[in-house]
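A.B. asks: Here you go, sequence then predicted model.
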Amino acid sequence: MFNPFKEVELIEATVFQPLPDKFRNKRRSDWSDPNRQGAEVECFLEGPSFDRSGNLYFTDIPFGRIFRIPPGGDIELVAEYDGWPNGLKIHKDGRIFIACYKYGIMEVNPNDGTVTTVLGSVFSEGFKGTNDLHFAKNGDMYFTDQGQTGIADPTGRVFRWGADGSLDRLAVNVPSPNGITLNLKENQCYVAVTRTQQIWRLPLMADGNVSKTGVAIQLSGGHAGPDGIETDSQDGLLVCHLGVGIWRFDDNGLPTHLIHSGDAHRLMTNIAFGGPDNKTLYITDSLNGNIMSADFPIAGKTMYGLS
């Protein structure tokens, strides 16, 4: 008999690589003042993503940095600019895109470190603060526009930037849209809605429109709410729950696993699947400045940049 109250399997994540001391300089920034309530920070890591060569890229929001870990190597600085890079995803053709809180959707050249705005406005209006992005199998980019939205200002947005150049607003009333991904059939778009502790499901119709948006998962506890999310090869959904860990929900929305660090003060913000069988989770431990890792029994779905 199906038991929806199956015991959750616990998996502990450990430090894979810490950010070297040469990249740490605790101080305030224009991003951390409003988003960390004026606290001094060394970094706030986000956006892990692998390229075809096995390089693991990730971002540091408050100080405008993009880092890379080569296979078997150590963390190295790829780019530094006057922006706030958050989510990072890699296109099938090798181009690296970031959702920049300050400037919009950007492209990073890993060879010379230049960072260029490729989508800085929508219908002559600036973004609130783009947060994360995800590529569909056809090259369409889905991304969230979070800014300072929340329950008192539920005006965050979700966009689809088509491979054909079209731009669609899929949602305009989201109280803090954050991580974003698609299910395996790509007929459901999932969005982490941080300030209401929810994962929203946006059903994608055959004509590209969205119908009957609803709550797929309701969370509670932790320091803020859900952050980065990703789908695995069994259509499960992994959710970075700040201050709690990383939940894995099955395709019925029920919890099966919890990846944790043993430390509630770690804010594990985002994940990427990697390793030879795509069953190793690489996790950004944002404030402590670590890349964590954990062995996972289920492979991740194949990302567009690796397809």
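C.D. replies: Nice, thanks for sending it over.

A.B. asks: Can you list the low-confidence ranges for the protein?
C.D. replies: 1-4, 264-265 (pLDDT under 70).

A.B. asks: for it, what spans make up the helices?
C.D. replies: 32-35 (DSSP state H).

A.B. asks: Contact partners for the closest residue in space to G87 that isn't next to it in sequence?
C.D. replies: Spatial nearest neighbour of G87, chain neighbours left out: D132 (3.4 Å); criterion: C-beta to C-beta, 6 or more residues apart in numbering. No exception for glycine: its C-beta is placed from N, CA and C like everyone else's. By C-beta atoms under 8 Å, 6 or more residues apart in numbering, the contact set of D132 is G47, N86, G87, A99, F143, T144, N178, G179, I180, G228, N270.

A.B. asks: Out of the residues you listed, which is nearest to P70?
C.D. replies: Checking those against P70 by C-beta to C-beta gives G47 as the nearest, at 17.1 Å.

A.B. asks: which residues does that closest one contact?
C.D. replies: Going by C-beta under 8 Å, 6+ apart, the list of residues near G47 reads 57-59, 85-89, 98-99, 132, 270, 284.

A.B. asks: Contacts only, for the closest residue to it other than its chain neighbours.
C.D. replies: Residue nearest to G47 in three dimensions, not counting chain neighbours: L88, with 3.5 Å by C-beta to C-beta, 6+ apart. Taking C-beta under 8 Å, 6+ apart, we find L88 in contact with 46-49, 57-59, 66, 96-99, 108, 133.

A.B. asks: and if we set it to 6 Å?
C.D. replies: Contact analysis of L88 by C-beta atoms under 6 Å, 6 or more residues apart in numbering lists G47, S49, Y57, T59, I98.

A.B. asks: what's across from the fourth one in the sheet?
C.D. replies: Think T59. Note on T59: beta-bridge partners by DSSP bridges are E46, I66.

A.B. asks: Quick check: E186 vs G243, distance?
C.D. replies: 31 Å (C-beta to C-beta, to the nearest Å).

A.B. asks: One more: G262?
C.D. replies: From G262 over to G243 (counting by C-beta to C-beta), the distance is 13 Å.

A.B. asks: between those two, who's got more neighbours?
C.D. replies: G243 (15 against 10; other C-beta atoms under 10 Å).

A.B. asks: can you tell me how far that one sits from S261?
C.D. replies: 10 Å.

A.B. asks: for D51, same thing?
C.D. replies: Taking C-beta to C-beta, one finds D51 at 26 Å from S261.
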